[in-house]
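>>> Pasting the sequence and the predicted model now:
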Amino acid sequence: MTELVPRRVDDPDAIWLAICDVLHEKMPHQAFMTWFQPMRPVSYDGKRFTVAVSCRFNADWIESHYLPILKQAVTAVLGDGVEPVLSIDMSLNGKAGQRGKTRTAAATPVVRPNGHESNLNERYRFENFIEGDCNKFARAAAVSIAASPGKTQYNPFLIYGGAGLGKTHLIQAIGNHILINRLVKRVLYVTSEHFTADFVNAIQANKTEAFCRIYRNVDVLLLDDVQFFMAKEKTQEEFFHTFNALHLEGKQLIFSSDRPPRDLEGFDKRLVSRLQWGLVSELQTPDLETRLAILNNLATEDRIALPDDAAQFIAAHVTDNIRDLQSALIQILAQSSLMKRNITMELVRDVVRATSNERKRFATVDLIQESVAKEFGIPSDLLRSKTRKKEVAFARHVAMYLCTEHTKLTLKAIGLHFGGRDHATVIHARMTIAERIKADSLESSRIEKLKRRIELMSL
Ligand code: ADP
Ligand code: MG
């Protein structure tokens with residue numbers, strides 16, 4: 001294969017660009033964007049080319065799924081005998097330790113008409129945000145805000161919903177629309193972690209004035225995942241002042257949260273009330289039809305021929321959120337390109353089955369008991385105790401039920417983890433909860449929420 005850059009060039013950035021070109025050619029766009037685009041070159045010593053990944057999960061994933069492709073690309077650029085090495089750099093992760101201008105995986109600054117960094121990822125648009133019953137209302141509100149920022153009664157606008165349901169996509173779509181149409185000048189997107197880190201840094205470096213200059217001089221502020229401010233009093237206070245300053249001047253404020261404002265524990269009451277001044281809108285779990293539409297749209301974007309029955313199968317089995325749908329599709333594509341297999345039902349079934357098993361295998365009884373105890377506000381050892389108090393017994397049933405769903409343990413083994421109860425008790429718990437889920441929508445959504453949390457933690 002021809003070398004794309006001379007072998008002696010030792011600038012990791014230049015080498016990485018060339019490697020990316022090769023990778024991009026060899027794999028579906030979506031897969032490239034998900035796994036490789038966020039990586040950063042670290043060093044090249046003639047034998048090893050090191051690139052940083054944001055977390056262990058991504059590193060493991062890339063190692064187990066893309067190592068051969070990565071190795072090929074490294075060889076194509078640097079010649080034989082050079083090994084790719086992955087290192088972990090948490091600062092690449094939009095969720096941890098971002099500082100100042102550090103680039104984020106989730107937010108590559110692209111659109112900047114006035115030399116002003118918005119942090120927006122231009123991929124997130126209304127055009128590729130598929131509408132369904134689950135998001136109709138939120139989407140319509142977002143579209144009208146995007147058309148006249150700061151001028152509707154939806155100020156602030158807060159979107160809430162579980163992980164992977166499209167909050168970041170939708171709020172960034174507002175920002176991108178505003179910038180592209182040049183409706184106002186300064187749009188700033190930040191995660192709440194980023195805001196917090198900036199604030200803490202500003203205090204430490206005695207630069208709070210500069211901090212205020214940045215955050216109070218925007219026309220549209222998009223703050224993602226405000227639940228991160230929970231129990232962070234000082235940051236909340238600063239955020240409160242930022243909010244007031246911007247709102248007073250008629251600037252548009254847009255927030256996302258993983259829960260409704262009233263459930264933001266440890267939030268200043270005044271802040272909770274302000275978050276509800278404008279419009280609060282929920283993103284719900286997508287129904288089958290919407291899941292199908294999203295899959296087909298993704299496939300079209302990536303110019304992939306996804307057979308109908310394959311799409312049906314994925315949409316029927318991957319039900320919890322849209323991020324999972326995407327990653328199922330990405331894995332199917334990766335498998336099909338690596339193994340040179342067509343996208344057959346067999347391949348789809350393998351991948352979907354493997355992913356759902358993988359998840360369940362990784363959940364532990366401890367994790368489940370901790371999550372349930374937290375949700376019900378009781379110490380987790382009560383779940384293993386003899387007490388028959390109604391609230392505890394119900395929580396115990398829920399935890400047992402979740403263990404049957406999310407671990408591979410036998411009923412007997414599960415019973416043992418709950419203070420040595422027998423398998424009949426676990427069967428009883430399972431039936432009780434399954435019935436309750438059918439009959440009681442409040443409990444059902446609570447259990448859904450727990451499932452999502454457990455899955456998220458299990459990954
Ligand atoms: P959240 O911020 O709620 O965790 P994201 O906005 O990151 O979720 O969405 C997860 C993934 O699903 C993203 O890649 C996003 O583009 C995609 N997605 C979410 N909702 C939709 C939708 N309605 N149509 C198309 N893609 C969507
Ligand atoms: Mg998000």
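Sure, I can see it. Ligands and ions are numbered 1, 2, ... in the order given.
>>> mind listing what's buried in stretch 146-154?
Residues 146, 149-150, 152, 154 are the ones in stretch 146-154 that count as buried (16 or more other C-beta atoms under 10 Å). Heads up, the C-betas are built off the backbone N, CA and C, glycines and all.
>>> I'd like to know which of those are part of helices.
Per DSSP state H, helices hold the following members of the buried residues of stretch 146-154: Ala146.
>>> Present the buried residues of stretch 146-154 as CSV; the columns should include pLDDT.
CSV is the format used below for these (pLDDT from 0 to 100):
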residue, pLDDT
Ala146, 97
Pro149, 97
Gly150, 95
Thr152, 94
Tyr154, 96
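>>> Check what pLDDT Asp268 gets.
pLDDT for Asp268: 92.
>>> What of Leu253?
98.
>>> sec struct for the residue sitting nearest the centre point of the chain, please.
Residue closest to the average C-alpha location in the chain (C-alpha atoms, centre = their mean): Gly164, at 5.2 Å. Assigned with DSSP: H, G, I helix; E, B strand; the rest coil, Gly164 falls in the coil class.
>>> That one contacts Val318, correct?
No - Gly164 lies out of contact with Val318 (C-beta atoms under 8 Å); the separation is 10.6 Å.
>>> what residues do the two have in common as contacts?
Asp324 (C-beta atoms under 8 Å, 6 or more residues apart in numbering).
>>> between the buried residues of stretch 146-154, which is nearest ligand 1?
Ala146 (15.4 Å; C-beta to the nearest ligand atom).
>>> Ignoring the adjacent residues along the chain, who's closest to the closest one?
Leaving aside its sequence neighbours, Ala146 sits nearest to His177 (C-beta to C-beta, 6 or more residues apart in numbering; 3.9 Å).
>>> What strand or helix carries that neighbour?
Under the criterion of DSSP states H and E, His177 resides in helix 167-180.
>>> Mind listing what's buried along that helix?
Of the residues in helix 167-180, 167-179 count as buried by neighbour count, 16+ other C-beta under 10 Å.
>>> is ligand 2 contacted by that helix?
Yes - interface with ligand 2: helix 167-180 contributes 167-168 (C-beta under 5 Å from the ion).
>>> Residues contacting that helix, please?
106-107, 111-113, 118, 120-122, 124-126, 129, 135, 138-139, 142-143, 145-147, 149, 159-161, 184, 187, 189, 220, 222, 224-225, 254-258, 283.
>>> ok so, going back, the residue nearest to Ala146 and ligand 2: what is the separation?
As for His177, its distance to ligand 2 is 18 Å (criterion: C-beta to the ion, to the nearest Å).
>>> Quick check: that residue vs Glu301, distance?
Using C-beta to C-beta, to the nearest Å, His177 is found at 18 Å from Glu301.
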